[in-house]
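**Q** no FASTA, just this:
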């Protein structure tokens, strides 16, 4: 009795002992794999033989990576898995490695894996796999997931990463790399698969006539996927062939890597044109072949590849008469569809237009991508991918009305390709316009991660994985903590951010669930080691994308990213110093270079947030003791003081640029800076912020000065003048100087005079200084002449120039008061000489300066106070001479150049007389007090001595005069003091004459 069909005879079963026997046998593939498993179990075959046998059965012949690598039967992949269950780890690794390579070699192999659901089988094997095999399985999953992933597969993959107990499931953390590869998809969701077999093509129904009046265009995306790489030069696969029964018409075929266009006018005769472009196998190309009809001159053909003109030529291509029927039309073949002339590869939606498209239209089609399969009717379908110009040329209705036929793999019914052109378009077909797929041409529908993720709930289903980052990926030995992988965070974030960059749907999900806020919150609860440089790179790359691709979603996403991630100090303060420096350096340099990102930043809230960060997180000295501010970020390793200062400099530079890029500072922004300066009392925490405010006042006075006046910034200046640090006090004076030098006279008066702030300025400066220093005088001199600089000068400043004017003359009185009230030291005497020299030079060089001094109230009082009425040394004599020279200059100008200048002389005489009298009184009082000390008797305890000195008062008497008879004694007692007083009065008059003589001498 004959053996049943498909079963080997007994003699054949007993004769199979080697791999060659299995390959030569006539058994079905199921039985062949079963026999192979038996031979593997008994150890009768070498590893190399097993690998060769499995590959032979997969490809249906002798395996070769260049000649024969296409899987013939998808079910054999499952049989391969059964064989692996009986193989060693080394053999499994070799099989998986080779199998992954052949998957990448051909998209048909990928489709075979999709048909058998290989992803589910691999995911179930992963937890039990050896480490080496697990790495290969993860690599395989990444390859498959970029091609197709279904809802059930994605659920299984995400569920495989759910923590069990105190750690990640075995090898599950490696699946994050699979997620990371999923967006790297380079093929459309739907396409036609051409196997390259005889008669495999899409047959187009007959066209009653060819649309040549306005020219015509053939456009599609295609990918060459040859069966082998050896016969590629010999084969001539056709992209399309549109001909009549007489053999005339149009065709395009490949010769090697070149495309040849043919236009047959009569059978056997025509024109050919070779496109100067090299088409590489296994790469997607968008091609548009435009036939331009010219009635009175030669017609043209233009070929666009990937939206760019690749070739053009003048050619008298065939123009059919009205009665000519095109009944030999094929896509992917010709009317002689042998194996050497059929297309082998993939093709996306196929368009034929009844007009010659221009370059802008072709470029717009290319921008839509290989996945586009619509009718150019609804502009909203591609608003996120096209510019305004491209939307205008694509959706003006002309292209939609010009579609002759459009076939898409998404619109099929069995082997029928449904005509997808708009229903109202003119029909060129004899009867039905539906095409036919022949001989294993298939319409393939795959699922991208974007569509699948949307089906299971959106991007938020991945957020719980952030809570597992601190769990060990490998269990520790003997109960110890397992190894943690700090790279997981960057991998997961990279996947999410890449989805955001490439999908408007994911962007909408992130906005609706406030994804960046959730991610930031979860990252703050994880270990600090996860905030590494790779994580920062992911966020910065996303921010750059959102800046360069403006849109409704991207603007809102950028704001959320800035507020919740990049501007969130709690997220970064414990990160490595290099990461923090890089972040704030980016914000200070590249971040605001784009005007779009500036418009996306909410300025006032950003300024407030930055100052809040400086106050609570990046303080140099803890503000708790002096300022009463409870600092944050004290429970971990903070950056060093040097690093904090560097980070603060970047943040303040960002703050300054943010304010200066716009139309100037806003009142609330300045108020926040002044609040910081008023509430912080640590000098180390104030200096850099004060520098920044001075820079803003210097660079943008038009907006800063009115806002500074409105917000009473002078109060903050007076507060800062009480600081213990001289640097802070000098910077506060600088700030006031920049404010005054850019203010109007009315604003200066309204700010300084009502509350007598110049007098208060003297008190504030001497609060922490015993005497006026050279550095303080230099700043006051800059305020006096309004020649402000941002740096602090600790040496003598340059001599005044002729053009310098006394813009704030009250500073003269301030300096004079400071000198008079300061402790007399060598440095003070040097400052005093410098002050008198500067004042003399300013008045000598400019008559307006002399007039300004003369207009000051009682200027003689503070000036005469600089002189020594009774000089006791040569230095005091020189100082007095400088004062008298200055008096002489001013009085000469008054009497010579000013109307009513004699009044100045009168006032000067009165003030000088008062000063000299006061000095004489002090001198006389000092002499009398000295005499009193010599003659006082109240401290003498000896009665005899005390009896000899009965007088103990300040009387000015030099000796005791005995009483005389009558009134003589009284006369003598009165005469001596009167004589002495008369002598003192004469001496005072002589001194006044000498002083006034010096003043009036020319």
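**A** Received, thanks. Quick caveat, the model's predicted, so the values are computed rather than measured.

**Q** how close does the spatially most central residue of the chain get to residue 184?
**A** Taking CA atoms, centre = their mean, the centroid of the chain lies closest to residue 591, which sits 4.1 Å from it. Distance of residue 591 to residue 184, computed by CB to CB, to the nearest Å: 28 Å. C-beta here means a position set from N, CA and C on the backbone, and glycine is covered the same way.

**Q** now the strands for the stretch 351-500 of the chain?
**A** Listed in chain order, the strands of the stretch 351-500 of the chain (DSSP state E, counting those that start in this stretch) span 403-407, 412-413, 416-417, 435-438, 442-445.

**Q** would you mind telling me which of those strands is nearest residue 252?
**A** Nearest to residue 252, of all the strands of the stretch 351-500 of the chain, is strand 403-407, at 16.5 Å by CB to CB.

**Q** report the buried residues of the closest one.
**A** Along strand 403-407, these residues count as buried under the neighbour rule (16 or more other CB atoms under 10 Å): 403-407.

**Q** just the residues you listed now: which is nearest residue 905?
**A** Closest approach between the buried residues of strand 403-407 and residue 905, by CB to CB: residue 403, at 103.3 Å.

**Q** and the protein, what are its domain boundaries?
**A** 193-356+405-445, 712-828, 857-929+989-1002 (automatic domain parsing).

**Q** circling back to that earlier point, determine which stretch of the strands of the stretch 351-500 of the chain is the most buried.
**A** Stretch with highest mean neighbour count among the strands of the stretch 351-500 of the chain: strand 403-407 (a mean of 24; mean count of other CB atoms under 10 Å).

**Q** now do that strand, average pLDDT.
**A** Per-residue pLDDT over strand 403-407 has a mean of 94.

**Q** ok, stretch 544-558 next?
**A** 82.

**Q** and it, end to end?
**A** From its first residue to its last, stretch 544-558 covers 9 Å (CA to CA, to the nearest Å).

**Q** in it, what counts as buried?
**A** Neighbour-count burial for stretch 544-558 flags 544-547, 553-554, 556-558 (criterion: 16+ other CB under 10 Å).

**Q** can you put these in TSV and add secondary structure and distance to residue 834?
**A** Conversion of the buried residues of stretch 544-558 to TSV gives the following (DSSP: H, G, I helix; E, B strand; the rest coil; distance: CB to CB, whole Å):
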residue	secondary structure	distance to residue 834
544	helix	55
545	helix	60
546	helix	58
547	helix	54
553	helix	65
554	helix	61
556	helix	60
557	helix	60
558	helix	55
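
**Q** can you list the buried residues in whichever strand or helix holds residue 687?
**A** For residue 687, the element it lies in under DSSP states H and E is helix 683-699. Under the neighbour-count criterion of 16+ other CB under 10 Å, helix 683-699 has 683-698 buried.

**Q** correct me, but residue 258 touches residue 278?
**A** Yes. Between residue 258 and residue 278 a contact is recorded at 7.1 Å, counting by CB atoms under 8 Å.

**Q** the helix holding residue 687: what's the following helix or strand?
**A** Next in sequence after helix 683-699, counting helices and strands by DSSP H and E, comes helix 701-710.

**Q** immediately after that following helix, which helix or strand?
**A** Using DSSP H and E, the helix or strand that follows helix 701-710 towards the C-terminus is helix 713-720.

**Q** run the chain-centre distance for the next helix or strand after that next one.
**A** Sequence-wise, the next helix or strand downstream of helix 713-720 (DSSP H and E) is helix 726-741. Helix 726-741 sits 34 Å away from the centroid of its parent chain (CA atoms, centre = their mean, to the nearest Å).

**Q** helix 726-741 - contacts with which helices or strands?
**A** Other helices and strands packing on helix 726-741, by 3 or more CB pairs under 8 Å, 6 or more residues apart in numbering; DSSP states H and E, are helix 683-699, helix 701-710, helix 713-720, helix 774-785.

**Q** in it, which residues are buried?
**A** By neighbour count with 16+ other CB under 10 Å, helix 726-741 contains the buried residues 726, 728-741.

**Q** just for the chain, where's the confidence low?
**A** Within the chain, the segments meeting pLDDT under 70 span 1-17, 19, 229-233, 318-322, 383-384, 475-482, 594-600, 935-942, 945-1002.

**Q** that older thread, nearest to residue 378 among the buried residues of helix 683-699?
**A** residue 696 (50.0 Å).

**Q** contacting residues for that closest one?
**A** Counting by CB atoms under 8 Å, 6 or more residues apart in numbering, residue 696 touches 656, 659-660, 665, 704.

**Q** quick revisit: which among the buried residues of helix 726-741 gets closest to residue 801?
**A** Among these, residue 741 lies closest to residue 801 (CB to CB), at 15.8 Å.

**Q** what about that closest one, distance to residue 747?
**A** Distance from residue 741 to residue 747, by CB to CB: 11 Å.

**Q** same question for residue 138.
**A** For residue 138, the distance to residue 747 (CB to CB) stands at 71 Å.

**Q** more crowded one of the two?
**A** Ranked by neighbour count (other CB atoms under 10 Å), residue 138 and residue 747 place residue 138 first, with 21 against 16.

**Q** hang on, the more buried one packs against residue 176?
**A** No. The pair residue 138 / residue 176 is not scored as a contact, 9.5 Å apart, by CB under 8 Å.

**Q** so where do the helices sit in the stretch 151-300 of the chain?
**A** For the stretch 151-300 of the chain, helices defined by DSSP state H, counting those that start in this stretch occupy the ranges 151-160, 175-181.
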